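Asker: please find the sequence and the predicted model below.
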Amino acid sequence: MTDASPPTSLNRATGRTPDKTLGRFTTLRLGGPARELVEAKTSEEAIEALREADGPTLVLAGGSNVVVGDEGFDGTVVLLRGGGIQHLGDGLVRVQAGQGWDDFVAWTVEHGLSGVECLSGIPGSAGATPIQNVGAYGQEVAQTIAAVKAWDRRTGEIRELTPAECRFAYRHSTFKHNDRHLVMSVDFRLHQSGLSQPIAYAEAARRLGVDVGDRVPLRDARETVIGLRRGKGMVLDEHDHDTWSAGSFFTNPIVSAHDFHKIVQGLGKDAPHWPAGDDIKLSAAWLIGAAGFAKGHRKGNAGLSTKHTLALTNRGGATTAELLALAKEVADKVETEFGIRLRPEPVLVGTDWR
């Protein structure tokens with residue numbers, strides 16, 4: 001352990017009862033209370049809090065990829081705060097888990113390091129990115145992660161996991177749906193260059209006025225991606241309910257080539273798709289629209305974003321139950337129409353949607 005000051009229990013405030021509503025700490029602004037809240041300013045403090053906790057535990061940092069149930073969490077929630085970025089040389093950069101992700105991306109652009117520039121504008125913390133294998137606009141963190149430092153709750157050891165040990169897959173890793181590890185820091189192997197990595201996403205290439213595979217100045221790539229995300233309501237804005245979301249709620253489904261051809265035959269037309277090894281990746285947003293859902297479709301105070309059908313949003317005053325009822329409505333209709341069951345991308349805490 002380090003000599004860091006002990007974590008702060010937010011339940012020990014005097015003179016008033018602290019607000020333990022978890023919706024305060026998520027981008028959806030949804031979720032009931034925790035039994036206990038503890039604020040940790042470092043990963044070491046978070047480990048100490050988890051060791052001392054009585055009963056179930058949950059770690060929250062940016063709160064951008066989580067859906068918390070209306071009943072809350074009957075255990076200890078550790079709020080991981082604080083961060084830090086360290087350039088170790090030769091393009092190797094270490095970022096602490098509590099560091100804001102987009103602040104980190106901005107730092108890499110400022111320092112002429114390419115590899116994560118097309119992941120600009122994504123909310124949340126750096127420590128969450130390997131859990132989800134976060135990706136967007138042709139990049140994903142698995143392409144540049146060199147190591148993940150994590151605390152193993154089972155053994156009590158702190159160790160560095162290699163990319164192979166992280167078992168990265170599409171929006172998945174060994175850390176997802178498994179609280180065995182607490183991510184403490186992430187090492188990224190980036191390229192010392194003022195130019196982006198080859199632009200791999202056609203929409204970004206069109207906006208930049210280049211061909212897929214071309215490279216552009218880092219700042220141009222970052223500003224273009226942020227503009228694209230903002231146009232889809234994917235950049236946080238307190239006054240824009242389209243951004244009161246967990247980002248993309250469903251992952252893009254991957255189907256066999258045989259099943260894809262069956263879908264296309266049934267439609268009588270092609271559908272947006274990309275190769276995924278021997279399989280085919282389909283656009284969840286396109287499937288939702290093709291199933292008959294328009295942008296802005298509402299279910300109570302929850303609704304699809306008015307800018308992008310893939311984001312399920314809190315229109316103000318929503319409950320988690322309303323949001324998940326909307327998710328089920330969408331997934332059921334897509335399954336009826338296309339025989340594909342959409343899967344949620346965010347982590348569900350204390351609730352289910354099926």
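Answerer: Structure's in. What do you need?
Asker: who's in contact with the lengthiest helix in the chain?
Answerer: In the chain, assigned by DSSP state H, the helix with the most residues is helix 320-338. Contacts of helix 320-338 with the rest of the structure, by CB atoms under 8 Å, 6 or more residues apart in numbering, involve 28, 30-32, 67-70, 249-250, 263, 266, 287-288, 290-293, 297, 299-304, 312, 314, 340-342, 344, 351-354. For the C-beta atoms, the positions are set from N, CA and C on the backbone; glycine is no exception.
Asker: out of those residues, list just those in helices.
Answerer: Among these, DSSP H puts 263, 266, 287-288, 290 in helices.
Asker: which one (most neighbours) among the residues you listed?
Answerer: Using other CB atoms under 10 Å as the neighbour criterion, Leu287 leads the ones in helices among the contacts of helix 320-338 with 27 neighbours.
Asker: give me the sheet partners of whichever strand or helix holds Ala147 and which way each runs.
Answerer: Taking DSSP states H and E as the definition, Ala147 sits inside strand 145-152. Here strand 145-152 is paired, per DSSP bridges, with strand 158-161 (antiparallel), strand 181-189 (antiparallel).
Asker: pull out the buried residues from the contacts of helix 320-338.
Answerer: Neighbour-count burial (16 or more other CB atoms under 10 Å) applied to the contacts of helix 320-338 gives 28, 30-32, 67-70, 249-250, 263, 287-288, 290-291, 293, 297, 299, 301-304, 312, 314, 340, 342, 344, 351, 353.
Asker: and Lys232, how far from Thr57?
Answerer: In this view, Lys232 and Thr57 are 34 Å apart by CB to CB, to the nearest Å.
Asker: tell me which of these two has more neighbours.
Answerer: Using other CB under 10 Å as the criterion, Lys232 and Thr57 rank with Thr57 on top: 21 against 18.
Asker: please, where are all the strands along the stretch 201-350 of the chain?
Answerer: Here the stretch 201-350 of the chain has its strands, by DSSP state E, counting those that start in this stretch, at 245-248, 254-255, 273-276, 279-282, 298-299, 302-304, 311-314, 347-349.
Asker: mean pLDDT and distance to Glu165 added to those, as CSV?
Answerer: As requested, the strands of the stretch 201-350 of the chain are exported to CSV (pLDDT from 0 to 100; distance: least, CB to CB, whole Å):
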stretch, mean pLDDT, distance to Glu165
strand 245-248, 94, 26
strand 254-255, 94, 23
strand 273-276, 90, 23
strand 279-282, 94, 24
strand 298-299, 96, 41
strand 302-304, 98, 38
strand 311-314, 98, 32
strand 347-349, 93, 21
